[in-house]
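> How does the following fold in three dimensions:
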Amino acid sequence: MRLTGIVFMIIAASFASACKKSEDKAASTGSDEAVAAKPTDQAAKLSYKKLGSLGLEAELPDGADIQDTTKGAGYPSATIYAATLPTTFLSGPGEMSDVKPTLEDSKARFVKDALMNLDSDKRDAAEAHLKPTREEKTADGWILEMSAAEMGDTIAVSVRRTFDGKPWDCGSRVKSKDEVAQLEKFCKSVRVAK
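Numbering: from 1, shown residues only. Below you'll find the predicted structure:
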């Protein structure tokens, strides 16, 4: 019985070694097998990671950089950097927070923030006529999206989430509809940390 177990371990080790050599050979030749063996950024394994001291967590790939910016901001906030996600900002409630309680207040703030890189005279003129190009209510908040000539080739996105009765805004400026989808997927994965 013991001998059978030892023989099995030797066979398994030999098989693993042979597979590794095959992968190494495929990688060095640049074959399709090597490309298939390497996971793409889109297929990166996601797992729940804590978002600093916010009491929240979200699905992120390994290697994601989560910067808790609460101390500097004066309210709960974090910036998330990941290969499969545009740089994303998460802000919670607090006396100094820009998170607004109602959809109407949030839309006004969203437009103002989306145009913040413009000169003040151009920003004031643009604010008067701009509004979100997408406004969708969700189970615990809403999704706002805006693209305009004044913003160049970017799309501003803000996803409102509510945890324990408190509002949180998750968003960024992105360059494509694919990035909008990535951002929304991340924001929808945010939950109270377990």
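> correct me, but residue 106 touches residue 159?
No. Judged on C-beta atoms under 8 Å, residue 106 makes no contact with residue 159 at a distance of 10.9 Å. Where C-beta positions appear, they are placed from N, C-alpha and C, glycine not excepted.
> Tell me which of those two has more neighbours.
Under the neighbour definition other C-beta atoms under 10 Å, residue 106 and residue 159 were set side by side, and residue 159 has more, 25 against 22.
> Which of the helices or strands spans the residue lying closest to residue 194 once chain neighbours are set aside?
Residue nearest to residue 194 in three dimensions, not counting chain neighbours: residue 57, with 7.0 Å by C-beta to C-beta, 6 or more residues apart in numbering. Residue 57 is part of strand 56-61, with elements assigned from DSSP states H and E.
> Which neighbours in the sheet does that strand have, and how are they oriented?
Sheet pairing of strand 56-61 (DSSP bridges) gives strand 46-50 (antiparallel), strand 191-192 (antiparallel).
> Residue 142 is in contact with residue 162, isn't it?
No. Counting by C-beta under 8 Å, residue 142 sits too far from residue 162 to count as a contact (10.1 Å).
> who has more neighbours, these two?
Shown here are residue 142 and residue 162; by other C-beta under 10 Å, residue 142 has more neighbours (18 against 12).
> can you pull the contacts of that one?
By C-beta atoms under 8 Å, 6 or more residues apart in numbering, the contact list for residue 142 reads 103, 106, 135, 136, 159, 160.
> Model confidence for residue 16, exactly?
pLDDT, residue 16: 39.
> coming back round to it: pull out the CA atoms of whatever helix or strand comes next after the strand holding residue 57 and give them to me as CSV.
The first helix or strand that comes after strand 56-61 along the chain, using DSSP H and E, is strand 65-68. Output of strand 65-68 as CSV, limited to C-alpha atoms (Å, rounded to 0.1, in the frame of the first residue of the first chain):
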residue,chain,number,x,y,z
ASP,A,65,-3.5,48.7,-5.5
ILE,A,66,-6.0,50.1,-3.0
GLN,A,67,-5.1,53.4,-1.5
ASP,A,68,-7.2,54.5,1.5
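> Okay, domains of this protein per the record?
In terms of domains, the chain is parsed into 2-37, 46-192 (source: automatic domain parsing).
> can you pull out the helices in this structure?
Assigned by DSSP state H, the chain shows helices spanning 2-29, 32-37, 70-73, 103-114, 120-129, 177-189.
> sorry, back to before: overlap in contacts of residue 106 and residue 159?
Taking C-beta under 8 Å, 6+ apart as the contact rule, residue 106 and residue 159 both touch 142, 144, 169.
> now, which of those sits nearest residue 82?
Closest approach between the shared contacts of residue 106 and residue 159 and residue 82, by C-beta to C-beta: residue 169, at 18.5 Å.
> measure residue 119 to residue 153 for me?
Distance of residue 119 to residue 153, given as C-beta to C-beta, to the nearest Å: 19 Å.
> same question but for residue 102, I mixed them up
With distances taken as C-beta to C-beta, residue 102 is found 30 Å from residue 153.
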